[in-house]
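Asker: fold the stuff below for me.
(2 chains)
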Amino acid sequence: MPIQYYIYFSLALFSIGVIGVLTRRNAIIVFMCIELMLNAVNLLLVAFSKMHHGAAIANNATSSAGVEGQLFVFFIMVVAAAEVSVGLAIIVMMYRNTHSVDINFLNRLKN
Amino acid sequence: MDTIQILFFILSALALFSAIMVLVSKNPVHSVLWLIVVFFTISGHYILLNAQFLAIVNLIVYAGAIMVLFLFVIMLMNLNAEGEPRKNWWMKLAGVVSGGCFLMVMVSLVRQATELSGKAALMKTGDIGLIKNLGKALFSDFVVPFEISSVLFLSAMVGAVVIGKKD
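Answerer: Numbers count the residues shown, from 1 in each chain, chains lettered A, B, ... in the order given. Modelled structure (predicted):
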């Protein structure tokens, strides 16, 4: 599969995530759109890793080039899980104080 | 047009449709369910690329753990009753236009890139995605980041408990 297809697909998913962050006001949906963007990046990392691996085994059949990309995806998942746990705790605290998850309430942090 | 390509296009179309449905759903619970569909299709893409470990981890961690956490928080808040406050239509239009401009610029950039022409991702073969090879690399070359990530998890857990505690 040509690598361009994966790039276009990941770009489309990432742009949908960006549009969601810009247009929605529910803090939980903004969070879900961030997860969508992270997944688009993960898929592109795996596709590039396989592209690199395919180029490497043409020269050396036992090469393990491309493992780093998949491990980075693993670490991105780890960081995303930690981020979601803290972020949802912040949203729950915000809902307890304001009885809303509208992100415009966060403007109050300014003063 | 072989099976891999057909599967690729079906999974891509399903993922894009579900991602759009995440945005346009009014009910946050429906958004979470559509997002789970997106994660399943992305796991299908990983399987097509023979990244089996990541496919399973994606299902377990994202669709299994994180989405359950989202659903739990949404049901805790009882958001279904009151609707989301409406944003101005020109704000939405500005968001869509800026996202579309981003997509357009990046697509034109990729179309012009001569380095990418003729490159292809290895489908269905190649064994770097198997858990044996990934585990060997993770516990030899990447053992320090792995341990640091466990410290990160511990601090995230303590942080979530401290933030979420009553007063």
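Asker: point to the residue nearest the middle of chain B.
Answerer: The residue lying closest to the centre of chain B (CA atoms, centre = their mean) is residue B:39, at 5.9 Å.
Asker: what about chain A, any weak spots by pLDDT?
Answerer: A:110-111 (pLDDT under 70).
Asker: the helices in it, which residues?
Answerer: Taking DSSP state H as the criterion, chain A contains helices spanning A:3-23, A:27-59, A:67-98.
Asker: now chain B
Answerer: Per DSSP H, chain B carries helices over the ranges B:3-24, B:28-48, B:52-57, B:67-77, B:89-112, B:131-140, B:143-164.
Asker: dump those helices into a markdown table; add distance to chain A and mean pLDDT as well.
Answerer: Every residue, glycine included, has its C-beta placed from N, CA and C. Supplementary listing: these in a markdown table, determined by distance: least, CB to the nearest CB, whole Å; pLDDT from 0 to 100:
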| stretch | distance to chain A | mean pLDDT |
| --- | --- | --- |
| helix B:3-24 | 5 | 92 |
| helix B:28-48 | 5 | 92 |
| helix B:52-57 | 6 | 91 |
| helix B:67-77 | 5 | 87 |
| helix B:89-112 | 3 | 90 |
| helix B:131-140 | 4 | 88 |
| helix B:143-164 | 4 | 92 |
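Asker: same list (the ones you listed) but as TSV, adding distance to residue A:16.
Answerer: Below are the helices of chain B laid out as TSV (distance: least, CB to CB, whole Å):
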stretch	distance to residue A:16
helix B:3-24	5
helix B:28-48	9
helix B:52-57	21
helix B:67-77	18
helix B:89-112	8
helix B:131-140	29
helix B:143-164	27
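Asker: quick one: which of those is nearest residue A:32?
Answerer: Among the helices of chain B, helix B:28-48 comes nearest to residue A:32, with 5.3 Å by CB to CB.
Asker: packing partners of the closest one?
Answerer: helix A:27-59, helix B:3-24, helix B:52-57, helix B:67-77 (3 or more CB pairs under 8 Å, 6 or more residues apart in numbering or on different chains; DSSP states H and E).
Asker: quick one: which of these is nearest residue B:96?
Answerer: Using CB to CB as the measure, helix B:3-24 is the one of the helices and strands packed on helix B:28-48 that comes nearest residue B:96, at 9.7 Å.
Asker: quick one: buried residues of the closest one?
Answerer: Buried residues in helix B:3-24, counting neighbours by 16 or more other CB atoms under 10 Å in any protein chain shown, are found at B:8, B:11, B:12, B:15, B:16, B:18, B:19, B:20, B:21, B:22, B:23.
Asker: so who does the third one touch?
Answerer: Looking back up the chat, that one is residue B:12. Contacts for residue B:12 were tallied using CB atoms under 8 Å, 6 or more residues apart in numbering or on different chains; they are A:5, A:9, B:41, B:45.
Asker: over to the last one?
Answerer: By CB under 8 Å, 6+ apart, the contact set of residue B:23 is A:16, A:19, A:20, A:23, A:24, A:29, A:33, B:31.
Asker: what's the closest of these to residue B:89?
Answerer: When the contacts of residue B:23 are compared for distance to residue B:89 (CB to CB), residue A:23 comes out closest, at 10.2 Å.
Asker: could you report the neighbour count for the closest residue to the closest one other than its chain neighbours?
Answerer: The shortest distance from residue A:23 to any residue other than its chain neighbours is 3.9 Å, reached at residue B:95 (CB to CB, 6 or more residues apart in numbering or on different chains). Other residues near residue B:95 come to 18 when the count uses other CB atoms under 10 Å in any protein chain shown.
Asker: I'd say residue B:95 and residue A:25 touch.
Answerer: No: in terms of CB atoms under 8 Å, residue B:95 does not count as a neighbour of residue A:25; the distance is 10.8 Å.
Asker: and residue A:104, how far is that from chain B?
Answerer: Shown here: residue A:104 relative to chain B, a distance of 8 Å by CB to the nearest CB, to the nearest Å.
Asker: how about that residue: what's its closest non-neighbour residue?
Answerer: The shortest distance from residue A:104 to any residue other than its chain neighbours is 6.5 Å, reached at residue A:25 (CB to CB, 6+ apart).
Asker: hmm, the one you found is touching residue A:106, no?
Answerer: No: in this structure, residue A:25 sits apart from residue A:106 without contact. The criterion is CB under 8 Å, and the distance is 10.7 Å.
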